[in-house]
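A.B. asks: Fold the following and give me the result.
(one chain, ligands or ions: 2)
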Amino acid sequence: MLKRIAVAFLFAAVVTLGAVYAYLSLRKPAMRPPSTRVVARTPERVERGRYLFMNVANCAECHTESDWTRFDAPIKKDALGAGKIWPAEAGLPGALVSPNITPDAATGVGGWTDGELIRAIREGIGRDGRVLFPLMPYTEFRSMSDEDVESVVAFLRTLAPISRKQEPSRIDFPVGLLVKSAPQPVDGVVETPSRTDRVAYGRYLSMIAGCHSCHTPTKRGSHVEGMEYAGGERFGTEKSGLLAVSFNLTPDKGTGIGTWDEKQFLEKFRQYRDYAQGAPPPATPENFTVMPWLPFNGMEDDDLKAIFAFLQTVKPVENAVETRPLAGKK
Ligand code: HEC
Ligand code: HEC
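C.D. replies: Ligands and ions are numbered 1, 2, ... in the order given. Predicted coordinates for the structure are as follows:
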């Protein structure tokens, strides 16, 4: 009898798993055809796009080969936008590759329409309709305004075309199936918040600059509710000896930035000025980081001040974080 029940349970479990698998593999991601929008390449847009690409939205950082042996993995400036192979040490679920997004027609995005680029950036759908792995932060870029995403596209078109074929990413099972739920079309008009509303503008920037993404802890791929900006997300691996944990950016007085003033906050971002201009030192367990300090060094004071003003309005969460848990341990 017991055995029969066990077999029945096992059978039921297999059928359920099969159904879940079939559902996940057949499910179509939310997507729509690319828009027919054509971006007018004005000098203002190219300039704004350059700033977002290089110093705010980290496109340059993620889509350019970098020197992993140095502090903050500085990018190889002569390969700007030509793509990057993510090392195993990054602890990602598969062999991840950031594609070549220079205007090279054969190996880059030279043949894409503006609408296709905008859809990839904000909605996570590749040219051929494939779902992009959300390491590409389209779930955050979804809030990027029409004007800003058009500026990024205008700037993309001015990059030097580099012929470099990057292999497509390979995502481990079952993560590859699960990410199908990540893309989402952007509806209607998306405005840039007014700069005079510093909190709203700061919230906007902290979304597209990845502060929210990296400084909110995740569980099984989703941000933990109630822990917005509370830090504690781990980057790197213990095995590689390089591990960094994001800091608590909520205004909690004991464990967050509740006692910092604006000047202190800005100074954090300027402390690596020399590294951003010259060559940073080797990466060690003591200084290892993934926080884009080098690109953010070029962020405007007013933008950092807006981010600070916004962070002061976030719900304080008590969460003590040791940002370099392997420092001093050999
Ligand atoms: C945190 C890293 C990261 C950031 C930041 C990032 N990307 Fe990506 N991007 C990726 C990865 C990884 C992929 C490929 C995902 C895959 O293979 O499924 C990708 C894919 C793309 C694609 C699709 C290209 C293709 O050939 O399919 C475009 C276009 C793109 N990114 C543009 C941008 C732009 C523009 C920005 C800045 C506004 C940006 N990305 C910021 C990591 C990043
Ligand atoms: C790719 C992930 C990532 C992104 C994007 C990111 N951070 Fe971080 N951040 C980290 C990690 C990891 C640390 C801890 C290691 C370090 O201090 O460098 C950190 C540290 C910090 C610290 C230093 C706290 C201290 O110990 O002094 C501040 C401040 C900070 N981040 C603010 C921000 C803001 C503001 C943004 C957006 C503009 C942002 N971060 C974007 C990962 C990230």
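
A.B. asks: Going by C-alpha atoms from here, please, whenever you check contacts or count neighbours.
C.D. replies: OK.

A.B. asks: ok, I121 to G129 distance?
C.D. replies: Look at I121 and G129: by C-alpha to C-alpha, to the nearest Å, they are 13 Å apart.

A.B. asks: Looking at these two, which is more packed in?
C.D. replies: Between I121 and G129, I121 has the larger neighbour count (other C-alpha atoms under 10 Å), namely 23 against 15.

A.B. asks: which residues does the more buried one contact?
C.D. replies: Contact partners of I121, counting by C-alpha atoms under 8 Å, 6 or more residues apart in numbering, are 138, 141-142, 149.

A.B. asks: Same question for D72.
C.D. replies: Here D72 is in contact with 280, 283, 288-294 (C-alpha under 8 Å, 6+ apart).

A.B. asks: Now do the SS call for F235.
C.D. replies: strand (DSSP: H, G, I helix; E, B strand; the rest coil).

A.B. asks: again, but for L92
C.D. replies: Quick answer, by three-state DSSP: L92 is coil.

A.B. asks: what separates it from G176, distance-wise?
C.D. replies: In terms of C-alpha to C-alpha, L92 sits 12 Å off from G176.

A.B. asks: ok, now L117?
C.D. replies: Distance from L117 to G176, by C-alpha to C-alpha: 22 Å.

A.B. asks: would L249 count as being in a helix?
C.D. replies: No - going by three-state DSSP, the assignment for L249 is coil, not a helix.

A.B. asks: so what's it scoring on pLDDT?
C.D. replies: Listed pLDDT for L249 reads 98.

A.B. asks: quick one: contacts for it?
C.D. replies: 215, 229-231, 256-257, 311 are the contacts of L249 under C-alpha under 8 Å, 6+ apart.

A.B. asks: what residue ranges in the stretch 201-330 of the chain score low on pLDDT?
C.D. replies: Along the stretch 201-330 of the chain, the parts satisfying pLDDT under 70 run over 330.

A.B. asks: Near ligand 2, which residues of it are found?
C.D. replies: Within the stretch 201-330 of the chain, the residues that sit near ligand 2 (C-alpha under 6 Å from any ligand atom) are 206, 209-211, 214, 244-247, 289-292, 323.

A.B. asks: so where do the helices sit in the chain?
C.D. replies: 2-26, 43-51, 59-62, 114-123, 138-141, 146-156, 175-178, 198-208, 211-215, 262-270, 273-277, 293-296, 301-311 (DSSP state H).

A.B. asks: closest to A82 out of those?
C.D. replies: helix 59-62 (9.3 Å; C-alpha to C-alpha).

A.B. asks: What lies in contact with the closest one?
C.D. replies: So helix 59-62 is contacted by 52-54, 74-75, 80-81, 83-84, 98, 292, 295 (C-alpha under 8 Å, 6+ apart).

A.B. asks: 7 Å - rerun?
C.D. replies: Outside helix 59-62, the residues within contact range by C-alpha atoms under 7 Å, 6 or more residues apart in numbering are 53-54, 75, 80-81, 84, 98.

A.B. asks: Equivalent analysis for stretch 321-330, please.
C.D. replies: 232, 241, 243-248, 285-286.

A.B. asks: Check stretch 172-188 too.
C.D. replies: 24-25, 29-32, 93-94, 123-125, 131, 133, 142.

A.B. asks: Report the distance from it to the chain centre.
C.D. replies: 15 Å (C-alpha atoms, centre = their mean, to the nearest Å).

A.B. asks: In it, which residues are buried?
C.D. replies: Residues of stretch 172-188 classed as buried by neighbour count (16 or more other C-alpha atoms under 10 Å): 176-177, 179-180, 182-186.

A.B. asks: Just put these in CSV and tack on pLDDT and distance to ligand 1.
C.D. replies: As requested, the buried residues of stretch 172-188 are arranged in CSV below (pLDDT from 0 to 100; distance: C-alpha to the nearest ligand atom, whole Å):
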residue, pLDDT, distance to ligand 1
G176, 88, 9
L177, 88, 12
V179, 91, 9
K180, 91, 11
A182, 93, 11
P183, 95, 11
Q184, 95, 15
P185, 96, 15
V186, 96, 15
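
A.B. asks: Just put the residues you listed in TSV and tack on distance to ligand 2.
C.D. replies: Output for the buried residues of stretch 172-188, formatted as TSV (distance: C-alpha to the nearest ligand atom, whole Å):
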residue	distance to ligand 2
G176	21
L177	24
V179	19
K180	22
A182	19
P183	20
Q184	21
P185	23
V186	22
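
A.B. asks: now, among the residues you listed, which is nearest to V38?
C.D. replies: Distances from V38 to those, taken by C-alpha to C-alpha, are shortest for V186, at 17.1 Å.

A.B. asks: in stretch 303-318, what's buried?
C.D. replies: For stretch 303-318, by 16+ other C-alpha under 10 Å, it's 303-312, 314, 316-318.

A.B. asks: Work out the gap between it and the centre of the chain.
C.D. replies: For stretch 303-318, the distance to the chain centre is 19 Å (C-alpha atoms, centre = their mean).

A.B. asks: With stretch 322-330 instead?
C.D. replies: With C-alpha atoms, centre = their mean, you get 24 Å for stretch 322-330.

A.B. asks: what's the answer for stretch 257-269, then?
C.D. replies: 23 Å.

A.B. asks: count of residues packed around W112?
C.D. replies: 12.

A.B. asks: Start the count at 38 instead of 1 going forward.
C.D. replies: Got it, the first residue is 38 from now on, which makes the last one we talked about W149.
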